[in-house]
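Chemist: Dropping a prediction and its sequence here:
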Amino acid sequence: MSIPFSNTQYRIPQGFGNLLEGLTREILRQQPDNIPAFAAAYFENLLEKREKTDFDPAEWGSKVDDRFYNNHAFKEQEPPEKYEPEKEKSVKQETPITKLSSEDTEKENAAITIQAAFRGHRARMAVKKMKLENSEKEKVEEEKEDE
């Protein structure tokens, strides 16, 4: 959040966003009439659980966020290095490629064909069901119009 015409930016403390998400989720589930009282009871319940189990959802959420945002997999990767044939040879020796036999390949292709045929069958049945439902709705609407 920022203030217009100011350099100041406020940051949400780590874990606070997760607490608010949990509260929001419970408010949407329960639909309470008095939201402030519900929030107070919710946070008191969280405090009791934290004291009994030593599990703090705010701390856990901040660790998850930290893991996500500081993971090196999400950073930009370095450009590839120049081609070095010696390096490539060592990699090839370390990771042998296993070839599938012709029988395994045939089995895999047969399984793929069967799965595709079954998915097509299910899709056709779903379309047929939708058409039946639509035609029934149209008949009901026509009968209402006739009356």
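Modeler: Yep, that arrived. Numbers count the residues shown, from 1 in each chain.
Chemist: The helix or strand of the chain with the lowest mean pLDDT: what's the following helix or strand?
Modeler: Lowest mean confidence among the helices and strands of the chain (mean pLDDT, DSSP states H and E): helix 85-94, at a mean of 50. Beyond helix 85-94 in the direction of the C-terminus, DSSP states H and E gives the next helix or strand as helix 102-146.
Chemist: and that next one, how far out from the chain's middle?
Modeler: Centroid separation for helix 102-146 versus its chain: 27 Å, with C-alpha atoms, centre = their mean, to the nearest Å.
Chemist: and if you look at stretch 138-147?
Modeler: Stretch 138-147 has its C-alpha centroid displaced from the chain centroid by 44 Å (C-alpha atoms, centre = their mean).
Chemist: Output that stretch as CSV, restricted to C-alpha atoms.
Modeler: What follows is stretch 138-147, C-alpha atoms only, in CSV (Å, rounded to 0.1, in the frame of the first residue of the first chain):
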residue,chain,number,x,y,z
GLU,A,138,-37.0,-27.3,-24.5
LYS,A,139,-40.1,-29.6,-24.2
VAL,A,140,-40.9,-28.3,-20.8
GLU,A,141,-40.5,-24.7,-22.0
GLU,A,142,-42.8,-25.3,-25.0
GLU,A,143,-45.4,-26.9,-22.7
LYS,A,144,-45.3,-23.8,-20.4
GLU,A,145,-45.7,-21.5,-23.4
ASP,A,146,-48.7,-23.5,-24.7
GLU,A,147,-50.5,-23.1,-21.4
